[in-house]
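>>> 3D model of this:
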Amino acid sequence: MIVVSDTSPITNLAAIGQLDLLQRLYTRIIIPVAVYDEMVNVGKPVPGATEVRTLSWIQTQAVVDRQRVNTIRESEENIDLGEAEAIILALEIKTDLLLMDERRGRLVATSYGLQVTGLLGVLVQAKRNSLIQSVKPLLDQLIDQADFRVSDQLYTTILQIANE
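Here you go, the predicted model:
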């Protein structure tokens, strides 16, 4: 399975010590250069930065068509460089799944026909695959420790989907 990730799923899972869920679910994660830069080259500690630099199962790949990245950024509001590169890289390498949390980026990605899931979808899948026993404690950790924002309605919906 080919999986491309934006920054948020990696940094948030790393912040709660669960980054290995991505490897256990998908074996390998590909990130665009902009996502690598958002984590590693920002001049401050970012959860997951060391892992992105050192883990062999997280691979960085450059986008070929820079013009498509620029087109997305110019035509879509509130799409950052990492999101735009993740979307175009996913299209270029014909990814099976794009991991992205930001609502606007997800809308753009699905408009291009990409299959997208976010961090909460990753947690639900991890439970379905028996990699974790429960979604709720990890969801609570994300909110408390990683400042992950989840509406009350989405929180309830995710727990219902996870049968918790």
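
>>> any residues touching stretch 128-136, and which ones?
The contact list for stretch 128-136, computed with Cβ atoms under 8 Å, 6 or more residues apart in numbering, reads 18, 21, 24-25, 120, 123-124, 126-127, 138, 158-159, 162, 164. C-betas here are computed from N, CA, C, even on glycine.

>>> What's the first helix or strand after the helix or strand harbouring residue 122?
Residue 122 belongs to helix 119-128 when elements are defined using DSSP states H and E. Sequence-wise, the next helix or strand downstream of helix 119-128 (DSSP H and E) is helix 136-145.

>>> So which elements touch the next helix or strand after that next one?
Note on helix 136-145: by DSSP H and E, the next helix or strand toward the C-terminus is helix 152-161. If contacts are counted by 3 or more Cβ pairs under 8 Å, 6 or more residues apart in numbering; DSSP states H and E, helix 152-161 sits against helix 119-128, helix 136-145.

>>> In JSON lines: the ones you listed, plus mean neighbour count.
Converted to JSON lines, these look like this (neighbours: other Cβ atoms under 10 Å):
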{"stretch": "helix 119-128", "mean neighbour count": "21"}
{"stretch": "helix 136-145", "mean neighbour count": "16"}
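
>>> Using TSV, lay out those helices together with distance to residue 14 and mean pLDDT.
Output for the helices and strands packed on helix 152-161, formatted as TSV (distance: least, Cβ to Cβ, whole Å; pLDDT from 0 to 100):
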stretch	distance to residue 14	mean pLDDT
helix 119-128	11	96
helix 136-145	11	96
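
>>> need these in CSV with distance to residue 48, can you?
Putting these into CSV (distance: least, Cβ to Cβ, whole Å) gives the following:
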stretch, distance to residue 48
helix 119-128, 12
helix 136-145, 13
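
>>> which stretch among those helices comes nearest residue 80?
When those are compared for distance to residue 80 using Cβ to Cβ, the nearest one is helix 119-128, at 16.8 Å.

>>> quick one: the closest one to helix 136-145, angle?
Counting by axes from the mean of the first three to the mean of the last three Cα atoms, to 10 degrees, helix 119-128 lies at 150 degrees to helix 136-145.
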